[in-house]
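# Could you look at this predicted model? Sequence included:
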Amino acid sequence: KNEVEQSPQNLTAQEGEFITINCSYSVGISALHWLQQHPGGGIVSLFMLSSGKKKHGRLIATINIQEKHSSLHITASHPRDSAVYICAAVRSGSRLTFGEGTQLTVNP
Amino acid sequence: SAVISQKPSRDICQRGTSLTIQCQVDSQVTMMFWYRQQPGQSLTLIATANQGSEATYESGFVIDKFPISRPNLTFSTLTVSNMSPEDSSIYLCSVSEATRGQFFGPGTRLTVL
């Protein structure tokens, strides 16, 4: 069993749909990142959170420390949101352990 | 946020050779890391690059295969030694800022023939 697990692995949506990607972890963490990776390989951190909820534009991330679970929501999805989304647990020494990623495709 | 550059952006190498990847940051940072992303896989931490001392390697990675230098707080190199096709991956460096999290370089796409 992976220390950080994501679901679903692949997700196809129609433009405008509400999207949820889930992440569960089984290790102690100080925080959790949600990352976005585009086809060229570049990785951007969307959120780093250690409790509660953060919102940036159409993106919302939540974390429940007791349940060791985090979710990334995208409201009013758009084709430009198509990318791989990765959750990453922040371990001791700021080292990251990554989930397998979720390939999101949003069709017009 | 820190701006990170990597050289080369991509390379095609012959098996048995070595490649050194450079990572340059536009500000001084304490924590710097090297990651590998094999085709179709997620990222895996190779090592933490420590300034002025030997890198700290994760399980499954050794200094002889992936020697790392960190001569100052803005620069690091990762060498992939004695390459085989299994080393074909994207290699990324990242830096950590205490309150803002991690920032990633653009990656080096390596193909080993």
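Okay, I see it. Numbering: from 1, shown residues only, chains lettered A, B, ... in the order given.

# what ranges do the strands span in chain A?
For chain A, the strands defined by DSSP state E cover A:4-7, A:10-14, A:19-25, A:31-37, A:43-49, A:52-56, A:59-64, A:69-74, A:83-90, A:96-98, A:102-107.

# nearest spatial neighbour of the closest residue to chain B within chain A, skipping sequence neighbours?
Using CB to the nearest CB, the point where chain A gets nearest to chain B is residue A:48, with a distance of 3.5 Å. Using the backbone N, CA and C atoms, a C-beta is placed for each residue, glycine as well. Leaving out its chain neighbours, the residue that sits closest to residue A:48 by CB to CB, 6 or more residues apart in numbering or on different chains is residue B:101, at 3.5 Å.

# Show the contacting residues for the residue of chain A closest to chain B.
Residues in contact with residue A:48, defined by CB atoms under 8 Å, 6 or more residues apart in numbering or on different chains, are A:31, A:32, A:33, A:90, B:100, B:101, B:102.

# so who does the nearest residue to residue B:66 once chain neighbours are set aside touch?
Here the nearest residue to residue B:66 in space, its sequence neighbours aside, is residue B:46; by CB to CB, 6+ apart that works out to 5.6 Å. Residues counted as contacts of residue B:46 (CB under 8 Å, 6+ apart) are B:33, B:34, B:35, B:36, B:57, B:58, B:61, B:66, B:78, B:91.

# Filter these down to the buried ones.
Among these, those classed as buried by 16 or more other CB atoms under 10 Å in any protein chain shown are B:33, B:34, B:35, B:36, B:57, B:61, B:66, B:78, B:91.

# List, one by one, the residues from chain A near chain B.
Residues of chain A that fall close to chain B, judged by CB under 8 Å from any CB of the partner chain: A:31, A:33, A:35, A:41-45, A:48, A:86, A:88, A:90, A:93-101.

# Swap in 6 Å and give it another go.
Where proximity means CB under 6 Å from any CB of the partner chain, the interface of chain A facing chain B comprises A:33, A:41, A:42, A:43, A:45, A:48, A:94, A:95, A:98, A:100, A:101.

# Who wins on neighbours among these?
By neighbour count, taken as other CB atoms under 10 Å in any protein chain shown, the most surrounded of the residues of chain A next to chain B turns out to be residue A:43 (25 neighbours).

# I'd guessed it sits against residue A:35; true?
Yes. The pair residue A:43 and residue A:35 passes the contact test of CB atoms under 6 Å, sitting 5.3 Å apart.

# In space, not sequence, find me the middle residue of chain B.
Nearest to the mean C-alpha position of chain B, by CA atoms, centre = their mean, lies residue B:34 at 3.5 Å.

# is it true that that one lies in a strand?
Yes. Under the criterion used here (DSSP: H, G, I helix; E, B strand; the rest coil), residue B:34 sits inside a strand.
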